[in-house]
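Chemist: Predicted model, plus sequence, below.
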Amino acid sequence: MSLILAVASLFAAFIPMFSYLLIIWWLDRNEREPFWMLLLNFFWGATGAIILGIIGSLIFQIPISVVIQSISDGDASELIDLSGAIITAPFVEEFTKGIFLVIMALQKNFDGVVDGVVYGGAIGLGFGMTENFLYFLTYGKTPADWIMLVIIRTLFSAVMHCMSQATFGAFIGFAKFKPLFIKFIFIPVGFLSAVFLHFAWNLTVSFQNTSLLGMLFLVLYSFAIFAIFQVSLFMESKTIMKELKEESNLGLIPSEHLNYIPYATRRFRYGWCPIGVNQKNYVQTAIKLALRKYQSKNTRGSTQIAYQRDVELLRYNIQMMFYNATIQYNANQGRV
């Protein structure tokens, strides 16, 4: 029975979280990150963040437990458990999840709010997967209890981990290409926002009469994050249009292509891309060129130089696409 429970718990923990991960990756319409990068973040949440979270929670909880015991008249175990859920867990777990997210933000390919939400969400889903698996094994004593636990944690608790790190990632992404004083404000605020969401969820579900309020709050918060994500995608599309319009004025991008490349619903339609040019590769290269141009304009020093090198390389790649297509076309015409 224990083996069946373990296998069922593994599937119940993994399949929903991995499905959520695929959805988040698919929603990033402009420049999807390499899927292996999402898996790397997912893996960190599922392993590194969990391990550090357990160690950090044990250490962080010690002084809190000492204080509670010193001021408590009777049995302080319930109050200690509550403090672990609403104080220790939100702060420590968001910190251990966020470590890797901050490292990701230092990478050149981390473009802004959209990437922050995607990578942060991936870390949170990995964390939620492992935590769910442990909960399913530990507290699923009867089939009915196990099924209810799977439903609640799949639809709410694990989603909370996703939303909290997506929030932190959105703040980091917004701050990345802003002045230093903006970074010093927005990154801590983003972290504290993630902690607050975690705290609010744990607090409300710790009491039976506020559990429904916590669930409603998380649903509304998820809609808010989704709306922010969509607005960020729209603004990213506007940036792509603006930067490619400059490239069109320079003669690199044909002006008629601006009617397709910046728009997710049009860019892969058939017929507008020149014959002999790999349409998917051309679209991806043009979008990356636009984003690297924007980044180069909003950075300084060696970072800006690195982005400018990318811009020149991407321009060259597009020129070669058109050049090779023209050579191939002329060769085909000559054989007729």
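Modeler: Cool, got the structure. Residues are numbered from 1 along each chain as shown.
Chemist: Would you tell me what helix or strand the residue most central in space within the chain is located in?
Modeler: In the chain, the centroid-proximal residue (Cα atoms, centre = their mean) is residue 118; its distance is 2.1 Å. Taking DSSP states H and E as the definition, residue 118 sits inside helix 113-139.
Chemist: Next, the buried residues of that helix.
Modeler: Using 16 or more other Cβ atoms under 10 Å as the test for burial, helix 113-139 gives 113-133, 135-137. Heads up, the C-betas are built off the backbone N, CA and C, glycines and all.
Chemist: So what's the gap between that helix and the chain middle?
Modeler: 11 Å (Cα atoms, centre = their mean, to the nearest Å).
Chemist: Also stretch 313-323?
Modeler: Going by Cα atoms, centre = their mean, where stretch 313-323 is centred and where its chain is centred differ by 31 Å.
Chemist: my read: the residue nearest to the centre of the chain touches residue 37, true?
Modeler: No - taking contacts as Cβ atoms under 8 Å, residue 118 lies outside contact range of residue 37: 9.2 Å.
Chemist: What's the separation between residue 75 and residue 186?
Modeler: Residue 75 is 43 Å from residue 186, where distance means Cβ to Cβ, to the nearest Å.
Chemist: For the chain, just list every one of the helices.
Modeler: For the chain, the helices defined by DSSP state H cover 2-27, 35-46, 48-71, 77-83, 89-105, 113-139, 143-152, 158-176, 180-205, 211-249, 279-297, 301-335.
Chemist: residues contacting the closest residue to residue 292 other than its chain neighbours?
Modeler: Using Cβ to Cβ, 6 or more residues apart in numbering and skipping residues adjacent in sequence, the residue nearest residue 292 is residue 310, 4.6 Å away. The contact partners of residue 310, taken as Cβ atoms under 8 Å, 6 or more residues apart in numbering, are 108, 288, 292, 296.
Chemist: I'd like to know how many residues surround the third one.
Modeler: It refers to residue 292. Neighbour count of residue 292, defined by other Cβ atoms under 10 Å: 24.
Chemist: quick one: pLDDT of it?
Modeler: In this model, residue 292 is scored at 95, pLDDT.
Chemist: doesn't residue 314 make contact with it?
Modeler: Yes - the pair residue 292 / residue 314 is scored as a contact, 6.4 Å apart, by Cβ under 8 Å.
Chemist: coming back round to it: want to throw the contacts of residue 310 into TSV with distance to residue 143?
Modeler: Formatted as TSV, those follow (distance: Cβ to Cβ, whole Å):
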residue	distance to residue 143
108	50
288	50
292	54
296	58
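Chemist: For the residues you listed, which ChimeraX command selects only the ones that are buried?
Modeler: Of these, the buried ones go into a single ChimeraX selection, burial set by 16+ other Cβ under 10 Å:
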select :288,292,296
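Chemist: Which pair in the contacts of residue 310 has the greatest spatial separation?
Modeler: The largest separation in the contacts of residue 310, counting by Cβ to Cβ, is between 288 and 296 at 12.2 Å.
Chemist: just for the stretch 201-336 of the chain, where's the confidence low?
Modeler: 329, 333-336 (pLDDT under 70).
Chemist: repeat that for 80
Modeler: The stretch 201-336 of the chain contains residues with pLDDT under 80 at 328-336.
Chemist: do the same with the stretch 51-200 of the chain
Modeler: Short version for the stretch 51-200 of the chain, where the test is pLDDT under 80: 72-75.
Chemist: What is the burial count for residue 267?
Modeler: So residue 267, with other Cβ under 10 Å, has 23 neighbours.
Chemist: Repeat that for the one 5 residues further on.
Modeler: The criterion is other Cβ under 10 Å. On that basis, residue 272 has 15 neighbouring residues.
Chemist: what sits against it?
Modeler: So residue 272 contacts 256, 257, 259, 260 (Cβ under 8 Å, 6+ apart).
Chemist: Just put these in CSV and tack on distance to residue 170 and neighbour count.
Modeler: Formatted as CSV, these follow (distance: Cβ to Cβ, whole Å; neighbours: other Cβ atoms under 10 Å):
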residue, distance to residue 170, neighbour count
256, 34, 9
257, 30, 19
259, 30, 14
260, 28, 18
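Chemist: I am finished for the moment; much appreciated.
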